[in-house]
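*Asks:* attaching a predicted model along with its sequence, questions to come.
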Amino acid sequence: MKKNIILLSAVLISTAAVAQNKGLVANSNSPYSKLQSIGLQDVKWTNGFWKEQFDVETKSTLPYMWDLYHNDEVSHAYANFEIAAGNRKGTFKGPSFHDGDFYKIFEGMAATYAITKDKKLDKQMDEAIAMFVKVQRKDGYLHTPVLIDERWGTLGPEEVKKQLGFEKYNMGHLMTAACVHYRATGKSSFLNVAKGVADFLYDFYKKASPELARNAICPSHYMGIVEMYRTTKNPKYLELANNLIDIRGTTNDGIDDNQDRIPFRKQTTAMGHAVRANYLYAGVADLYAETGEAKLLENLKSIWDDVAFRKMYITGACGALYDGVSPDGTSYNPTDVQKIHQAYGRPFQLPNATAHTETCANIGNVLWNWRMLQITGDAKYADIVELALYNSVLSGINLEGNKFCYNNPLNVSKDLPFQQRWGNEREGYIALSNCCAPNVTRTIAEVGNYAYSLTKEGLYVNLYGSNHLNTNTEEGTKIHLHQETNYPWDGAISIKIDAAPKEEYALFLRIPGWSNGATVKINNKAVDVSTVSGTYLKLEQKWKKGDVISLNIPMPVEVMQANPLVEETRNQVAVKRGPIVYCLESDGISKNASINEVVLNTNSDFKTQTIQRNNRNLVAISAQGFLNTNSWDKKLYQPLKKSKETISLQLLPYFAWGNGASKEMSVWFLH
């Protein structure tokens, strides 16, 4: 049956109308994708939030990361390629996913080049590609730990050359970066390298035993191989993608940590390592877009419900636990109970100070939900993309674009009497595990591609921000528009039509799930339509140049509470405005006090004010509260103190925490 699905997909692609296939996810011809990507070059941020962030990316983050990964005293990533190529002698150094980190930076450069056409970026990428070509083995294999060992015999006692050492993960990021580079530049140099890698994987998985084949952690290659299929139209790559799902969970040595203890088609809840899980779910969504296998989508929706309603933080972050067990509470048999690291954990198990919430897991949440949006057209997935981007992804990088977080806690308390595996301060290079920095680097470069989607009916507006869109419909007709807004700080959005099809054409405006009372006007006249939160509003008519759509989304300050089954936040509240989650740092308290002594007055006269921090424009919220100043020295419990001291508070966007001198921070407050 699955072979028939693959053949049907190939036929549908061959007979489909030719469309520009230049998006981050090139699904213009994917038969089971309801929405299609615009081109990488189609959106240019013009001012406001994402323009500021993109400027930081181009002026600070990309140059910093390029130099960092060429500094072999720090990262050794590029040096590993040089050694594998035979340009110098040495040993492999760094984590086994170092290759993949460099490919992620490269992908960010390619996505940026699509917009800026910066000749320096083009030259740097050409230099790197020449190195990849020199490193690649004749059979297409490319993984520097193994190739260094083969050339020099210098790997020593390290076992990173084993497949559990991120071999397929690195190859997956290579393939994805090569596809993005091809679409951004039109050059096939890197794509040819990726074809060699994809061909190697195809041959490997056809011959390998299930035990050997399943040993592939953090499966970025699922997304990568589907993207290679979309780019090259080679049907054997789609066959390989199906095979990867078929063999998963078919051996006796699978583990929940790697989501392969049971076959994917039997998985209905999120389990195990959150980064690996989210990458898997994104890859399966890609496969569904090509094959339409109902069981894949059924399971993805079930897993999504488990995450969105029971296992996700208010910031869109995933992976609550540093360490957990699975299955939990069902067996005393040690062969059944498995240790899980960076785990999703139990339903409603969402600690704050000890939250793991790796930046890569949060980016994985974006990748997964973006694909779910495209295959379903359901706005709830766009809500999660927005939530994670503004909060738990951007919290992974400082405002200046050169320091990064591995984990993203929701509470930082200096009085906690223990040190965690990862610190609570951003670093320029996170020793042993700097994977998140390159990941957030490429993600910020690519946000513009999430802003819009195309269908035969019209244009979907997924994310708001001041930009110029210059794209074509599926039939090749121009659609140009300007969007002006101070979103996410203000909900007033203006969309001016510069060019549109002559016949009736639909614009689908996302009405965020967090919103209430959105209104819309066309050419300053109210439109008699019902705006439903968490849906797309369809506006269909014959558009003419100069038409202006005005969407207004009220943005009151909202005091949020969690499901009472979340023990860690019971009887606590958080503050949210629009898509932005807020936090309190210690220097936002009017008196010197611990962050954990603060009680928020939920009846505060909440007021917003624009502030600057590290040359970035932010909107802060002022509020009132109380201090519960009981001394807890050598005390675990004591009577409740009824008298409380009044204080004033200034709350900052969560993504901006840790950019000053404050040592403490919290998202949740007593009330």
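*Replies:* Arrived safely, thanks for sending.
*Asks:* which parts of the stretch 451-600 of the chain are strands?
*Replies:* Applying DSSP state E, counting those that start in this stretch to the stretch 451-600 of the chain gives strands spanning 452-454, 458-461, 467-472, 478-485, 492-499, 505-511, 519-522, 525-526, 535-541, 548-552, 557-560, 572-577, 580-589, 598-600.
*Asks:* equivalent analysis for the stretch 301-450 of the chain, please.
*Replies:* Under DSSP E, counting those that start in this stretch, the stretch 301-450 of the chain gives strands at 321-326, 338-343, 411-412.
*Asks:* the first one: how far from the chain's middle?
*Replies:* The one in question is strand 321-326. Relative to its chain's centre, strand 321-326 lies at 22 Å (C-alpha atoms, centre = their mean, to the nearest Å).
*Asks:* could you report the neighbour count for the closest residue to Y429 other than its chain neighbours?
*Replies:* The spatially closest residue to Y429, leaving aside those adjacent along the chain, is V74, at 5.4 Å (C-beta to C-beta, 6 or more residues apart in numbering). Any C-beta I mention is one placed from the backbone N, CA and C, and that applies to glycine too. Using other C-beta atoms under 10 Å, V74 has 15 neighbouring residues.
*Asks:* surely G23 and Q36 touch.
*Replies:* Yes - between G23 and Q36 a contact is recorded at 7.3 Å, counting by C-beta atoms under 8 Å.
*Asks:* so between the two, which is more surrounded?
*Replies:* Neighbours around G23 and Q36, counted as other C-beta under 10 Å, are more numerous at G23. The numbers are 26 against 23.
*Asks:* sticking with the more buried one, tell me its helix or strand.
*Replies:* If you go by DSSP states H and E, G23 is not part of any helix or strand.
*Asks:* so what sits opposite the residue lying closest to it once chain neighbours are set aside in the bridge?
*Replies:* Closest residue to G23 apart from its sequence neighbours, by C-beta to C-beta, 6+ apart: S37 at 2.5 Å. In this structure, S37 bridges to S453 when assessed by DSSP bridges.
*Asks:* can you pull the contacts of S37?
*Replies:* S37 sits next to G23, L24, V25, A26, N27, S28, Q374, N449, S453, L454 when contact means C-beta atoms under 8 Å, 6 or more residues apart in numbering.
*Asks:* report the central residue of the chain.
*Replies:* Nearest to the geometric centre of the chain sits I363, at 2.0 Å (C-alpha atoms, centre = their mean).
*Asks:* so how far is the first residue of stretch 91-100 from its last?
*Replies:* Stretch 91-100 has an end-to-end distance of 18 Å (C-alpha to C-alpha, to the nearest Å).
*Asks:* same question for stretch 607-624.
*Replies:* In stretch 607-624, first residue to last residue: 10 Å (C-alpha to C-alpha).
*Asks:* show me the contact partners of that stretch.
*Replies:* Contact with stretch 607-624 is made by 52, 398-400, 489, 557, 575, 577, 580, 582, 600-601, 604-606, 646-653, 656, 659-660, as judged by C-beta under 8 Å, 6+ apart.
*Asks:* repeat that for stretch 409-427.
*Replies:* Applying C-beta under 8 Å, 6+ apart, the contact partners of stretch 409-427 are 313-315, 317, 322, 352-357, 397-398, 403-407, 430, 583, 594-596, 654, 657-658, 663-668.
*Asks:* so V527 makes contact with K521?
*Replies:* Yes - using C-beta under 8 Å, V527 makes contact with K521 at a distance of 6.3 Å.
*Asks:* could the strands of the stretch 301-450 of the chain go into a markdown table alongside mean pLDDT and mean neighbour count?
*Replies:* A markdown table is the format used below for these (pLDDT from 0 to 100; neighbours: other C-beta atoms under 10 Å):
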| stretch | mean pLDDT | mean neighbour count |
| --- | --- | --- |
| strand 321-326 | 87 | 18 |
| strand 338-343 | 87 | 20 |
| strand 411-412 | 96 | 21 |
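*Asks:* since we're on E127, how many residues are nearby?
*Replies:* Around E127 there are 10 residues (other C-beta under 10 Å).
*Asks:* if you rank every helix and strand of the protein by mean pLDDT, what lands last?
*Replies:* Ranked by mean pLDDT, DSSP states H and E, the weakest helix or strand in the chain is helix 2-15, scoring a mean of 40.
*Asks:* from A451, how far off is the residue nearest to G23?
*Replies:* In this view, S37 and A451 are 11 Å apart by C-beta to C-beta, to the nearest Å.
*Asks:* cool, and S643?
*Replies:* 51 Å.
*Asks:* ok, now E425?
*Replies:* Taking C-beta to C-beta, one finds E425 at 32 Å from A451.
*Asks:* V43 too?
*Replies:* 5 Å.
*Asks:* check R510 too.
*Replies:* Counting by C-beta to C-beta, the gap from R510 to A451 is 10 Å.
*Asks:* what does E239 give?
*Replies:* Distance, E239 to A451, using C-beta to C-beta: 33 Å.
*Asks:* tell me where the model's unsure across the chain.
*Replies:* Residue ranges of the chain with pLDDT under 70: 1-21, 154-164, 212-215, 327-332, 334-335.
*Asks:* quick check: longest strand in it by residues?
*Replies:* Longest strand in the chain, counting residues (DSSP state E): strand 616-627.
*Asks:* returning to that earlier point: spit out the contact partners of the residue nearest to the centre of the chain.
*Replies:* A388, V393, G396, C436, N439, V440, T443.
*Asks:* those: which two are farthest apart?
*Replies:* The span of the contacts of I363, defined through C-beta to C-beta, is set by A388 and C436 at 13.5 Å.
*Asks:* neighbour count winner among these two?
*Replies:* Between A388 and C436, counting by other C-beta under 10 Å, A388 is the more crowded of the two (30 against 26).
*Asks:* find the nearest non-adjacent residue to A623, please.
*Replies:* Per C-beta to C-beta, 6+ apart, closest to A623 is S604, 4.0 Å.
*Asks:* neighbours of the one you found, how many?
*Replies:* 17.
*Asks:* that one contacts T646, correct?
*Replies:* No - between S604 and T646 there is no contact under C-beta under 8 Å: 11.1 Å.
*Asks:* overlap in contacts, these two.
*Replies:* Q624, G625.
*Asks:* settle it for me: which of E425 and A451 has more neighbours?
*Replies:* Shown here are E425 and A451; by other C-beta under 10 Å, A451 has more neighbours (20 against 11).
*Asks:* tell me who's in contact with the more buried one.
*Replies:* A451 neighbours (C-beta under 8 Å, 6+ apart): I38, V43, V461, N462, L463, G465, N467, L469.
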